[in-house]
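**Q** Dropping the sequence and predicted coords here.
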Amino acid sequence: MILADDDLARFRSRAGALDRENAFPHDDLAELAASGYLRMLVPRELGGLGFGLQQAMREQSRLASAAPATALAVNMHLVWTGVARLLREQGDASLDYVLREAAEGEIFAFGISEPGNDLVLFDSATRAEPQTDGGYAFTGTKIFTSLSPAWTRLGVFGRDDSGPEPVLVHAFLERGTEGIEILDDWDTIGMRASQSNTTRLGGAKAPADRVFGHRPPGPVPHPLVFAIFANFLLLLSSVYAGLAQRGLELGVDAARSRRSARTGLTGDQHPETRWKLADAAIALDGLLPQLETLARDLDEGVDRGDQWFRALTGAKLRATETARYVVEQAVRVAGGRSYRAGDELGRLMRDVMAGAFHPSNEDSVHSTVAAALLGPIAAGSTGEDE
């Protein structure tokens, strides 16, 4: 365990004010950096803690139980180090510089999501123009760029249409590069401290040695795509699992502290309250082993073949939906006090709503799982009974 219980209590004590002020958790990030938290997925031989994904997910769940928005922001840095680690374990050292620089204190962020692009990693509306020196210039808009006030390296991708066939190109941009504009537009109802601002790229140039992952558009099997999906979906799921665990704790506390004027009994003695919390716990108990198993299989190199995406996307959907359900049940138990703006449970209710907006969304997950079970829809089919 990297963070002690006292550390978590300190993070929790700051989370309410950060949410209220719509402010970035600079103090949280500084403490995490000093503790080695941001280096947890970096191999020991490169200056990190040498954690596997399973260990990292446990740490993220604990952090999210105290400060969900901080955990969500830090997730993006951990995803990139997780991607580089997974590729390295598969014999691909092309992103080892990510691991080395993370060990030196650089902070990585994700510039992937784009407005209106539901293809996510399978195509891009951002233009990637090849340069004479082998680098690329990127022009487009990226949304939900968590860690906006603090990142030093931004992983982006775009589409190069200059050749006979389109190519998707990934690269890292350094903070301060000409052509990067970070908007101050993160004014949401939840996960406010993540400060996931919009980033506009206007010909921002990445040098040749920071360009990687050339691949065709579409759902073509590629190690980089798998590494991004696996680390993103599982680490994200761990954040919502931790949030849900805290929601259940608060629900239990509320049940024990509320006393009915009608019966004179505390809430924990009421059958309806006991049922709500028990049902929330049952849902959460079903989620945690699933996440642990997937992370362990990824760490151990288990080959699930073409069923990996089914498992990963399904776990993400279960995690975010379970977290929402658990917190809703806790809110029902706590009653009207959780409706106050400063209440922690009320904040968790707003934070958990963000789960619906992370890739893969509900429709995409069901499409992925259906394809894994039934195969692709035949050409010319309407998908409806005739």
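**A** The structure has been received and is ready for your questions.
**Q** all helices of this protein, in order?
**A** Counting by DSSP state H, one finds helices in the chain at the ranges 5-21, 26-35, 53-66, 68-89, 96-103, 223-257, 271-299, 308-334, 344-352, 362-374.
**Q** This structure - how does it break down into domains?
**A** Per automatic domain parsing, the structural domains of the chain span 5-107, 109-215, 223-374.
**Q** Give me whichever of those domains is most buried.
**A** Among those, the stretch with the highest mean neighbour count (mean count of other C-beta atoms under 10 Å) is domain 5-107, at a mean of 20. Every residue, glycine included, has its C-beta placed from N, CA and C.
**Q** mind checking the end-to-end distance for it?
**A** Distances were taken as C-alpha to C-alpha, to the nearest Å; on that basis the terminal residues of domain 5-107 are 25 Å apart.
**Q** what do you get for stretch 337-353?
**A** Terminal residues of stretch 337-353 are spaced 19 Å apart (C-alpha to C-alpha).
**Q** pLDDT (mean, whole number) over that stretch?
**A** pLDDT averaged over stretch 337-353 equals 95, rounded to a whole number.
**Q** Distance from that stretch to the middle of the chain?
**A** 20 Å (C-alpha atoms, centre = their mean, to the nearest Å).
**Q** give me every residue that touches the most centrally placed residue in the chain.
**A** With the centre of the chain defined as its mean C-alpha position, the nearest residue by C-alpha atoms, centre = their mean is Leu236, 3.4 Å away. With contact taken as C-beta atoms under 8 Å, 6 or more residues apart in numbering, Leu236 is in contact with Leu72, Asn75, Lys316, Ala319, His358.
**Q** Of those residues, which is the nearest to Asp185?
**A** Leu72 (17.3 Å; C-beta to C-beta).
**Q** Give me the distance between the closest residue to the closest one other than its chain neighbours and Ala354.
**A** Spatial nearest neighbour of Leu72, excluding adjacent residues (C-beta to C-beta, 6 or more residues apart in numbering): Ser194 at 4.8 Å. Going from Ser194 to Ala354 by C-beta to C-beta, to the nearest Å gives 8 Å.
**Q** Find the residues that touch each one of these two.
**A** For the pair Ser194 and Ala354, residues contacting each of them under the criterion C-beta under 8 Å, 6+ apart are Leu72.
**Q** Output the worst-scoring helix or strand of the chain on mean pLDDT as CSV, nothing but the C-alphas.
**A** Least confident element among the helices and strands of the chain, by mean pLDDT, DSSP states H and E: helix 362-374 (a mean of 90). Output of helix 362-374 as CSV, limited to C-alpha atoms (Å, rounded to 0.1, in the frame of the first residue of the first chain):
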residue,chain,number,x,y,z
GLU,A,362,-23.5,1.4,-23.1
ASP,A,363,-24.4,1.0,-26.7
SER,A,364,-20.9,0.3,-27.8
VAL,A,365,-20.4,-2.3,-25.0
HIS,A,366,-23.5,-4.2,-26.1
SER,A,367,-22.4,-4.1,-29.7
THR,A,368,-19.0,-5.5,-28.8
VAL,A,369,-20.4,-8.3,-26.6
ALA,A,370,-23.0,-9.2,-29.2
ALA,A,371,-20.3,-9.4,-31.9
ALA,A,372,-18.2,-11.6,-29.6
LEU,A,373,-21.2,-13.9,-29.1
LEU,A,374,-22.9,-13.8,-32.5
